[in-house]
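Visitor: take this sequence and fold it.
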Amino acid sequence: MAKLLTTEQMAEFASSGCLFFDQLIDDQTNKEFLDDIGHTKMEKVNSVQEYYDNIKASSSIPRIPAGTTFKNAYPVNSPLDKIFKNEVVHGAIKSLVGDTAVIDHQFLHITFPTKYFKQANQRQMSQQNHQDSTIDPRSTFDIQVFYFPTEVTKEMGGTRYHPGTHLRIVNEFGIAKYQNIKGQKSVICKPGTIGIFHNGLWHGAGINTSLDNIRYMFKVRLQPTEKQELLWDPEKKFKPLPNRALYWTDETKEKTINDILMKSYPWQEQDTNRLDKINVVKFWRLLTGHKKLDVDYWLTRIENTLY
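Guide: Coordinates of the predicted model:
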């Protein structure tokens, strides 16, 4: 049974480009997953490369060709099958890319503590900020589902990400020179946490400075094969809110969907963030299917073409 996202959660995704579900997967499934990937006891390895070689030799995670239908991609009752059939995970995926999505790729990211690099006489570096893939002009979007089977502490270099950047299209590593962007966050979480990113969200892996904790993150990128319109609202009950008064507002009112959509982020400049708000409204139109929908008049004023 899929637990579909709420309209509020969809608005949060439209605005920030990400959603998190903390400590969602149970400890037993987390353990089974670590066993499945060929989890290697640390005392048995001497270098980063040796660890990867051991993982490759012992992992039972299936190799899945690009374009494979996601729904039944993993063996029944395998850890990954259990994870992705969890009602919350299944519902979030269905709400964003539908029930017929296909796999673009999957990857097991491993971030090693400093001692492994010292043993291998290798330089330890963080991953640059980047936006996955090359310049992507589509309105359609993919999602990346991140699964963290173990606890991730601050010292373990959790995935660094920048909420609200998903609609700022760049070439993949065109932002690599930018570091410590204002408002950036890092994934610090309990075991079994699930994160879902819009494929355009800027992110990168941090340095693992812990004493001896290896950080694992399993990722699968999913591509839709159906229109991404009201997938979370099959009964199509969603109705756009009317335009509200601009600038002179009643701050005592409860927050609405429009407040979520119009959230500003610390990295945004005061003037150019108007472009980000316009892009969020366009994205919300795509998700809801309401082609004339507007929030705070951003699109109406520039679409008022009389000639």
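
Visitor: quick check: end-to-end length of stretch 221-241?
Guide: The first and final residues of stretch 221-241 sit 33 Å from each other (Cα to Cα, to the nearest Å).

Visitor: neighbouring contacts of it?
Guide: 4-7, 9-10, 70, 93-106, 132, 140-145, 199, 256-258, 286-290, 293-295 (Cβ atoms under 8 Å, 6 or more residues apart in numbering). C-betas here are computed from N, CA, C, even on glycine.

Visitor: measure Q131 to M1 for me?
Guide: Distance, Q131 to M1, by Cβ to Cβ, to the nearest Å: 34 Å.

Visitor: let me redo that: D81
Guide: Distance of D81 to M1, given as Cβ to Cβ: 15 Å.

Visitor: give me the more crowded residue out of the two.
Guide: Taking other Cβ atoms under 10 Å, D81 and M1 do not tie; D81 has more neighbours (14 against 6).

Visitor: so what's the residue nearest to that one when sequence neighbours are not counted up against?
Guide: Leaving aside its sequence neighbours, D81 sits nearest to Y74 (Cβ to Cβ, 6 or more residues apart in numbering; 4.3 Å). The neighbours of Y74, taking Cβ under 8 Å, 6+ apart as the test, are P62, L80, D81, F84.

Visitor: among those residues, which one has the most neighbours?
Guide: Across those, neighbour numbers were computed from other Cβ under 10 Å; L80 holds the maximum, 22 neighbours.

Visitor: quick one: the strands in the stretch 1-150 of the chain?
Guide: 18-21, 102-111, 143-148 (DSSP state E, counting those that start in this stretch).

Visitor: what are the pairing partners of the first one, and which direction each?
Guide: Within its sheet, strand 18-21 is paired with strand 193-198 (antiparallel), according to DSSP bridges.

Visitor: one more: the last one?
Guide: With DSSP bridges as the criterion, the sheet partners recorded for strand 143-148 are strand 193-198 (antiparallel), strand 215-223 (antiparallel).

Visitor: so that strand versus strand 102-111, what angle?
Guide: Relative orientation of strand 143-148 versus strand 102-111 (axes from the mean of the first three to the mean of the last three Cα atoms, to 10 degrees): 40 degrees.

Visitor: all numbers from here: first residue = 24
Guide: All set: I'll call the first residue 24, so the last point we hit is now strand 166-171.

Visitor: quick check: next helix or strand after strand 166-171?
Guide: strand 183-184 (DSSP states H and E).

Visitor: what is that next one packed up against?
Guide: With contacts defined as 3 or more Cβ pairs under 8 Å, 6 or more residues apart in numbering; DSSP states H and E, strand 183-184 has these neighbours: strand 208-209, strand 226-227.

Visitor: winner for burial among these?
Guide: Among the helices and strands packed on strand 183-184, the stretch with the highest mean neighbour count (mean count of other Cβ atoms under 10 Å) is strand 226-227, at a mean of 22.

Visitor: residues in contact with it?
Guide: If you take Cβ under 8 Å, 6+ apart as the criterion, strand 226-227 is touched by S149, Q150, Q151, N152, H153, T182, R183, Y184, H185, F220.

Visitor: based on its surroundings, how many neighbours for the residue lying closest to T216 once chain neighbours are set aside?
Guide: The shortest distance from T216 to any non-neighbouring residue, by Cβ to Cβ, 6+ apart, is to F171 (4.7 Å). Counted with other Cβ under 10 Å, the neighbours of F171 add up to 28.

Visitor: got a pLDDT number for F171?
Guide: Per-residue confidence (pLDDT) for F171: 97.

Visitor: buried stuff in the helix or strand of the chain with the lowest mean pLDDT?
Guide: The least trusted helix or strand in the chain, going by mean pLDDT, DSSP states H and E, turns out to be helix 71-81, with a mean of 78. For helix 71-81, the neighbour count (16 or more other Cβ atoms under 10 Å) marks V71, Y74, N77, I78 as buried.

Visitor: same thing with stretch 98-116?
Guide: By neighbour count with 16+ other Cβ under 10 Å, stretch 98-116 contains the buried residues 101-103, 105-109, 112-116.

Visitor: closest to G229 out of the contacts of Y97?
Guide: Nearest to G229 out of the contacts of Y97 is L103 (Cβ to Cβ; 24.9 Å).

Visitor: who's in contact with the closest one?
Guide: Counted by Cβ under 8 Å, 6+ apart, L103 has contacts F56, D59, I84, Y97, F241.

Visitor: most neighbours among those residues, which one is it?
Guide: F56 leads these on contacts (other Cβ under 10 Å) with 24 neighbours.

Visitor: got the buried residues of helix 71-81 as a markdown table, with distance to Q251 columns?
Guide: Formatted as a markdown table, the buried residues of helix 71-81 follow (distance: Cβ to Cβ, whole Å):
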| residue | distance to Q251 |
| --- | --- |
| V71 | 39 |
| Y74 | 39 |
| N77 | 40 |
| I78 | 34 |
